[in-house]
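Participant: show me the folded form of this:
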Amino acid sequence: MAYRAPLTNHHADGTLCPVDHKHTSSGKPLHTDCPGRAYTRAVCSCGWEKEESGKGYVNECRNRHLASHAQGQNAPSAV
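Facilitator: Numbers count the residues shown, from 1 in each chain. Predicted coordinates for the structure are as follows:
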């Protein structure tokens, strides 16, 4: 089974920020109808999840987690 852990961006009220809404690296909106990215979440198909305000940090944790699956670890610790 191939594991997946897509990244999703969310507004402060918890609603999903559409993929076509672009942001600066700090999360400020570049789309007129967007309140901005408050946090980014990654949820793996194995149940692992990570949620933080820093998109780069979440992506780094996500990559590390997916690499643990590639190495054969079925139950990696939450980072």
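Participant: CA only for contacts and neighbour counts going forward, please
Facilitator: OK.
Participant: all helices for the chain, in order.
Facilitator: Applying DSSP state H to the chain gives helices spanning 55-70.
Participant: count of residues packed around Tyr39?
Facilitator: Using other C-alpha atoms under 10 Å, Tyr39 has 20 neighbouring residues.
Participant: just to check, Met5 is in contact with Val43?
Facilitator: Just so we're on the same page, residue 5 is Ala rather than Met. Yes. Counting by C-alpha atoms under 8 Å, Ala5 does reach Val43; the two are 5.0 Å apart.
Participant: just for this protein, where's the confidence low?
Facilitator: Applying pLDDT under 70 to the chain flags the ranges 73-79.
Participant: about what we covered before: the more surrounded of Ala5 and Val43?
Facilitator: Ala5 (20 against 16).
Participant: is Lys29 bridged to anything, and to what?
Facilitator: Lys isn't right for residue 29; it's Pro. Per DSSP bridges, the residues bridged to Pro29 are His23.
Participant: and it, how far is that from Glu52?
Facilitator: 17 Å (C-alpha to C-alpha, to the nearest Å).
Participant: same deal with Val58?
Facilitator: According to C-alpha to C-alpha, Val58 and Glu52 sit 6 Å apart.
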